[in-house]
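Enquirer: When you get a sec, could you give me coordinates for this:
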Amino acid sequence: MTVRLFPNRERSPKGDESLLRRIGWQLAAVTSLLLFVLVIAMALAVFLQTRDALLQPLRHAVVNRAYIEASELASGHSAPPPPHGGSPSGGSRSHGGFGPSTRLAPGEEGFEDGVFLTVTDSHYHILHSTAGGPTGASGHRIADMGAMRQARDAENGFFTTVQYRGSSYLAFTEPVFRSRTDDRLAGFVQTLTSETGYVADIRSLVNILVVVAVLGLVGTLAITAFVVRRALRPIRLSLERQRNFVAEAAHELRTPLTIIRSSAEMAVDSDDSDEQQRAELTLRETSHLTRLVNDLSFLARADSGVMQFRREVVDVKFLITQTVSDLAVLAEERNVSLETRLESDVHLVADPDRLRQLLLILVDNALKHTPDGGSVRIDLHASRRHVSMRVHDSGPGIQPADLPHIFDRFYQSDRSRTAEGTGLGLAIAQSIGVGLGGSITAANDPDGGAVFTVNLPAGQSLATAAAL
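Expert: Coordinates of the predicted model:
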């Protein structure tokens, strides 16, 4: 029993065009990702190279000044401690970053070429220092006491970054020894220079690279989409020509097959027994070719997306019961029992003719592969989201090597290669299942035999549909 719902609305199945579109999007996404990764890698390389180039003058400035003061301290020519003694104090210290360089004005009191200086003895007492910046207004402040302690332990100079009153300074701390032969510690030299300009330059560089990366991403997406579309155009054209060829060939073959069939039917009524046998053979082969042509025509329409599906509320239990009743004679001829396990009040929105065709294909396939005395069972189960139909048989099941190809066109397993089939039935069933918005799968039942499962989206109840 069916109730017509939305009679003027039709739905076409997804064909090769949707597959090409999906492949195109996947290809575009992968290509764009690779190009974007390349852009990011290049931007990172530019950033690291530019950062080192901007940082190098700062390092040269603090190292050169430190070595000058260190040579004077090692020779004992450093100035004496300031009058107030200059007690040491620890400065704030941060690890890792070296920042941008704006040089301070050379004429500012207490430093030379934008470098602040602190020279101490081995007990961290300030011998002399510049005034201002991280060394304090009077120059009696050690900017990074922790760096001096680490330099003493490491017996080697190294760079640190010092934060002072919201500004960043690159610091170089060097331990000073008496001489190459006298390893007694003479003191420490700590030089610092502002990273304000360096930080500003790095921020500008990062902003530029981010803009370039975003524009690069947009550009790669646009270029990739254009290239992929052009690349898929010959494939799309080839598939369209193939579909048209199959459809036209199927159409052209119908007329001569009809003529041959009519002639064979007339010859069957002849009195000559030999001629009757030849006519019967011709008639059988013609019937086989006619089924093949019809199947090819169906698949060609499905691939091109022109096959249309009606939208009606279908009483699935009634449809299965009616289909099983029509196949009862065929099952009896093959000595196979047909069984059903159906839930009541199962409805869905579908094309009843296509749904019946799908069920006929699956049940007929099960009957072909079920031995004498076996059984075929159709189960119907409904949930809130899906209606599930399962066709079980008691045959030998599907070989594991055949499972991945069971829905391929013209594919037949060795045990099923008979003159009866065309190898297109299950492919047609899959096209119908997809066209109805669902899916179809094949598997082996743990208890033996094969099971084909059709899952379709659940429809509205009959009462609801009638009210629309």
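
Enquirer: Quote the end-to-end distance of stretch 156-174.
Expert: 6 Å (C-alpha to C-alpha, to the nearest Å).

Enquirer: Could you check it and say which residues are buried?
Expert: 157, 159-164, 168-174 (16 or more other C-beta atoms under 10 Å). Where you see a C-beta, it was placed from the backbone N, CA and C, and this is true even at glycine.

Enquirer: other SSEs contacting the helix or strand containing residue 71?
Expert: Using DSSP states H and E, residue 71 sits within helix 16-74. Judged by 3 or more C-beta pairs under 8 Å, 6 or more residues apart in numbering; DSSP states H and E, helix 16-74 is in contact with strand 115-121, strand 167-177, strand 185-194, helix 196-268.

Enquirer: Could you figure out how far the third one is turned away from strand 115-121?
Expert: Angular relation of strand 185-194 and strand 115-121 on a 0 to 180 degree scale: 160 degrees, by axes from the mean of the first three to the mean of the last three C-alpha atoms, to 10 degrees.

Enquirer: Given strand 185-194, what are its sheet partners and their directions?
Expert: strand 115-121 (antiparallel), strand 167-177 (antiparallel) (DSSP bridges).

Enquirer: Compare those strands and give me the one nearest residue 322.
Expert: Minimum separation from residue 322 across the strands paired with strand 185-194 (C-beta to C-beta) falls at strand 167-177, 83.8 Å.

Enquirer: Need the mean per-residue confidence for the closest one.
Expert: For strand 167-177, mean pLDDT rounds to 90.

Enquirer: next one: stretch 217-237
Expert: Here the average pLDDT along stretch 217-237 is 78.

Enquirer: Equivalent analysis for stretch 360-374, please.
Expert: What stretch 360-374 shows for mean pLDDT is 89.

Enquirer: Include distance to residue 73 when you put the buried residues of stretch 156-174 into JSON lines, please.
Expert: Formatted as JSON lines, these follow (distance: C-beta to C-beta, whole Å):
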{"residue": "157", "distance to residue 73": "13"}
{"residue": "159", "distance to residue 73": "19"}
{"residue": "160", "distance to residue 73": "20"}
{"residue": "161", "distance to residue 73": "24"}
{"residue": "162", "distance to residue 73": "21"}
{"residue": "163", "distance to residue 73": "27"}
{"residue": "164", "distance to residue 73": "24"}
{"residue": "168", "distance to residue 73": "27"}
{"residue": "169", "distance to residue 73": "21"}
{"residue": "170", "distance to residue 73": "21"}
{"residue": "171", "distance to residue 73": "17"}
{"residue": "172", "distance to residue 73": "15"}
{"residue": "173", "distance to residue 73": "13"}
{"residue": "174", "distance to residue 73": "10"}
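
Enquirer: low-confidence ranges in this structure?
Expert: Residues of the chain that meet the criterion pLDDT under 70 lie in 1-17, 76-113, 180-182, 238-257, 259, 261, 263-281, 283-307, 412-422, 459-468.

Enquirer: related to what we said a few turns ago, the helix holding residue 71 vs strand 167-177, what angle?
Expert: 50 degrees.

Enquirer: Name the residues of stretch 191-209 that are buried.
Expert: 191-199, 201-202, 205, 209.

Enquirer: Give the single residue among those positioned nearest to residue 46.
Expert: For these, the nearest to residue 46 is residue 209 (6.8 Å; C-beta to C-beta).

Enquirer: Does the closest one touch residue 43 like I think?
Expert: Yes. Between residue 209 and residue 43 there is a contact at 4.5 Å, judged by C-beta atoms under 8 Å.

Enquirer: Tell me the one among the buried residues of stretch 191-209 nearest to residue 56.
Expert: Set against residue 56, the nearest of the buried residues of stretch 191-209 by C-beta to C-beta is residue 198 (10.5 Å).

Enquirer: do you know how far that closest one is from residue 50?
Expert: With distances taken as C-beta to C-beta, to the nearest Å, residue 198 is found 11 Å from residue 50.

Enquirer: same thing with residue 410?
Expert: Residue 410 is 62 Å from residue 50, by C-beta to C-beta.

Enquirer: neighbour-wise, which of the two wins?
Expert: residue 50 (15 against 11; other C-beta atoms under 10 Å).

Enquirer: hang on, isn't that one packed against residue 204?
Expert: No. Using C-beta under 8 Å, residue 50 is not in contact with residue 204; the gap is 10.2 Å.

Enquirer: Find the nearest non-adjacent residue to residue 205, please.
Expert: residue 50 (5.6 Å; C-beta to C-beta, 6 or more residues apart in numbering).

Enquirer: Now do the one you found against residue 233, distance only.
Expert: In terms of C-beta to C-beta, residue 50 sits 42 Å off from residue 233.

Enquirer: How about residue 55?
Expert: 51 Å.

Enquirer: Those two: who's more crowded?
Expert: A direct count of neighbours by other C-beta under 10 Å for residue 55 and residue 233 places residue 55 higher, at 21 against 11.

Enquirer: how much space between that one and residue 195?
Expert: 9 Å.

Enquirer: Now for residue 455, which secondary structure element holds it?
Expert: strand 450-457.

Enquirer: repeat for residue 410
Expert: Judged by DSSP H and E, residue 410 forms part of no helix or strand.

Enquirer: and what of residue 141?
Expert: Using DSSP H and E, residue 141 sits within no helix or strand.

Enquirer: quick one: contacts for the closest residue to it other than its chain neighbours?
Expert: Distances taken as C-beta to C-beta, 6+ apart place residue 135 nearest to residue 141, at 5.2 Å, with adjacent residues excluded. Residue 135 makes contacts with 110, 116, 117, 118, 129, 141, 142, 143, 192, as judged by C-beta atoms under 8 Å, 6 or more residues apart in numbering.

Enquirer: ok, the second one - how many residues close by?
Expert: Okay, so that is residue 116. 29.

Enquirer: Then the fourth one?
Expert: By the measure other C-beta under 10 Å, the count of residues near residue 118 is 31.

Enquirer: Tell me if I'm right that it and residue 126 touch.
Expert: Yes. Contact status for residue 118 versus residue 126: in contact at 6.3 Å, counting by C-beta under 8 Å.

Enquirer: Please work out how many residues are found near residue 311.
Expert: 17.

Enquirer: typed the wrong thing, it's residue 75
Expert: 11.

Enquirer: can you give me the helices in the stretch 351-468 of the chain?
Expert: 352-368, 425-435, 462-467 (DSSP state H, counting those that start in this stretch).

Enquirer: relative to helix 425-435, how tilted is the longest one?
Expert: It stands for helix 352-368. 150 degrees.

Enquirer: Next, the angle from helix 352-368 to strand 450-457.
Expert: Using the same axes, to 10 degrees, helix 352-368 lies at 170 degrees relative to strand 450-457.

Enquirer: Please enumerate residues in contact with helix 352-368?
Expert: Here helix 352-368 makes contact (C-beta under 8 Å, 6+ apart) with 2, 309-310, 312, 314, 316, 319-320, 322-324, 327, 330-331, 334, 336, 338, 376, 378, 389, 391-393, 395, 416, 418, 420-421, 425-426, 428-429, 432-433, 435-436, 440, 450, 452, 454.
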